[in-house]
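# Next comes the sequence, and after it the predicted model I'd like to discuss.
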Amino acid sequence: MKLAAIAVALLLPLVAGATAAADDEFDFFYFVQQWPGSFCDTDRGCCFPDTGKPAAEFGIHGLWPNYAKCRPTADDGPEAAASIDMVVDDDGSHHHRRRQKCWPEYCNNSNNLHPWEIKDLIKDLDANWPTLSCKGGGGGSSMEFWAYEWKKHGTCSGLGQHDYFAAALDLKRRDGGLAGILAAAGIVPSEDERYLLSGIRGAIANATGAIPNLECNRDAFGETQLYQVYQCVSRDGRTLVDCLLPMSGKCSGTVKLPPF
Ligand code: 5GP
């Protein structure tokens, strides 16, 4: 009896420790690409990076670890600040707001991106992961965007710096380019055409074998347009899987795909 009690006392912290570690783990990645035409034609506009106008192709936004299920956080806990913009819980009848954390972020703030670690990837990154932000007056370096994405999302990926960026580039190459996939389905950038979201989702699902999520934004006239495509990737960083989580808001019916 006494022995059993001692065994339980010894094992409990181990079990508790294992649970805590598992809780910290993410479930899948969102591989997010942005349509530059939709980033640029909002009220805020955009700026081209120091490498010049990017190609009229989707550009990488990031590779983001995500939870399969959002986790409630204490309103006044250390995580409250990080989760404050994720307040979405709307069941239609009640507007029920609760602080939730749906992904891990900033997992190691002392882990800065070292340009030399990704030296061999920089040409590829400039072409495929260009910044369009006007922060710092525009004409900026995409390296700042990559460093931001690394710090916020990459440090939670379990990957090293080189592997993280190489994984994103490989994913982008895999599908042969989303703009090409859409064009093959007759979905081409246009000033006035509108496309069914279901058609966009279907074209990407057919070509890649996995259902993506779509995010929209609004142009300067308030028209809805396709902004970002979210592809779901298993924890290995390589395997595309269906996106099963619904995305909140802004997209329904038809959207524009503005030229870039
Ligand atoms: P995230 O959506 O990854 O949390 O944040 C994106 C951050 O990167 C924003 O602070 C934004 O200003 C910056 N950023 C720099 N370049 C770009 C870009 O081309 N697209 C987007 N969406 N954000 C960019």
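Thanks, I have the structure now. What you see is a predicted model, and the numbers here were worked out from it, not measured in a lab.

# mind checking how far the residue nearest to Pro130 when sequence neighbours are not counted is from the ligand?
Nearest non-adjacent residue to Pro130, counting by C-beta to C-beta, 6 or more residues apart in numbering: Pro54, 4.1 Å away. All C-beta atoms are positioned from the backbone trio N, CA, C, and that covers glycine. Pro54 sits 9 Å away from the ligand when distances are taken as C-beta to the nearest ligand atom, to the nearest Å.

# how close does Pro54 sit to Asn213?
As for Pro54, its distance to Asn213 is 23 Å (criterion: C-beta to C-beta, to the nearest Å).

# repeat for Arg99
23 Å.

# just Gly45 next, same as before
Taken as C-beta to C-beta, the span from Gly45 to Asn213 is 26 Å.

# Then Pro65?
15 Å.

# between those two, who's got more neighbours?
When neighbours are counted by other C-beta atoms under 10 Å, Pro65 and Asn213 differ, and Pro65 comes out ahead with 24 against 19.

# which SSE is that one in?
Assigned by DSSP states H and E, Pro65 belongs to strand 59-66.

# Now that strand: average pLDDT?
Mean per-residue pLDDT for strand 59-66: 98.

# Quick one: mean pLDDT over the helix or strand following that strand.
Next helix or strand after strand 59-66 toward the C-terminus (DSSP H and E): strand 71-72. The average pLDDT within strand 71-72 is 88.

# With stretch 250-260 instead?
pLDDT averaged over stretch 250-260 gives 92.

# Please apply the same query to stretch 128-143.
88.

# now that stretch: how far from the chain's centre is it?
18 Å (C-alpha atoms, centre = their mean, to the nearest Å).

# ok so, going back, what score does the residue nearest to Pro130 have for pLDDT?
Pro54 carries a pLDDT value of 98.

# returning to that earlier point: now what about the strand holding Pro65, what contacts it?
With C-beta atoms under 8 Å, 6 or more residues apart in numbering as the test, strand 59-66 has contacts from 26-34, 36, 102-104, 128-130, 132, 149, 152-154, 156-157, 164, 167-169, 171-172, 228, 233, 237, 245.

# Are any of those residues buried, and if so which?
If you count burial by 16 or more other C-beta atoms under 10 Å, the buried members of these come out as 26, 28-34, 36, 103-104, 128-130, 132, 149, 152-154, 156-157, 164, 167-169, 171-172, 228, 233, 237, 245.

# near the ligand, from these?
With respect to the ligand, and counting by C-beta under 6 Å from any ligand atom, the subset of the buried ones among the contacts of strand 59-66 in contact is 34, 132, 149, 152.

# Show me these that map onto helices.
With DSSP state H as the criterion, helices contain 149, 152 from among these.

# Considering the ones next to the ligand among the buried ones among the contacts of strand 59-66, which is situated nearest to Gly202?
Lowest distance from Gly202 to those (C-beta to C-beta) belongs to Gln34, with 20.5 Å.

# quick one: the strands in this structure?
28-34, 59-66, 71-72, 100-101, 195-196, 213-218, 224-233, 240-241, 254-255 (DSSP state E).

# At the contact with the ligand, which residues of the chain appear?
So far as C-beta under 6 Å from any ligand atom goes, the chain lies against the ligand at 34, 39, 61-62, 131-133, 135, 145, 148-149, 152.

# Leaving out the residues flanking it, which one is nearest to the closest residue to the ligand within the stretch 151-260 of the chain?
Closest approach between the stretch 151-260 of the chain and the ligand, counting by C-beta to the nearest ligand atom: Lys152, at 5.7 Å. In space, and not counting its chain neighbours, Lys152 is closest to Glu105: 5.1 Å by C-beta to C-beta, 6+ apart.

# That neighbour contacts Gly154, doesn't it?
No. Using C-beta atoms under 8 Å, Glu105 makes no contact with Gly154, being 10.1 Å away.

# Identify the contacts common to those two.
If you check Glu105 and Gly154 against C-beta under 8 Å, 6+ apart, no residue is contacted by both.

# can you pull up the bridge partners for the most centrally placed residue in the chain?
In the chain, the centroid-proximal residue (C-alpha atoms, centre = their mean) is Val32; its distance is 4.1 Å. Applying DSSP bridges to Val32 gives these bridge partners: Gly62, Tyr230.
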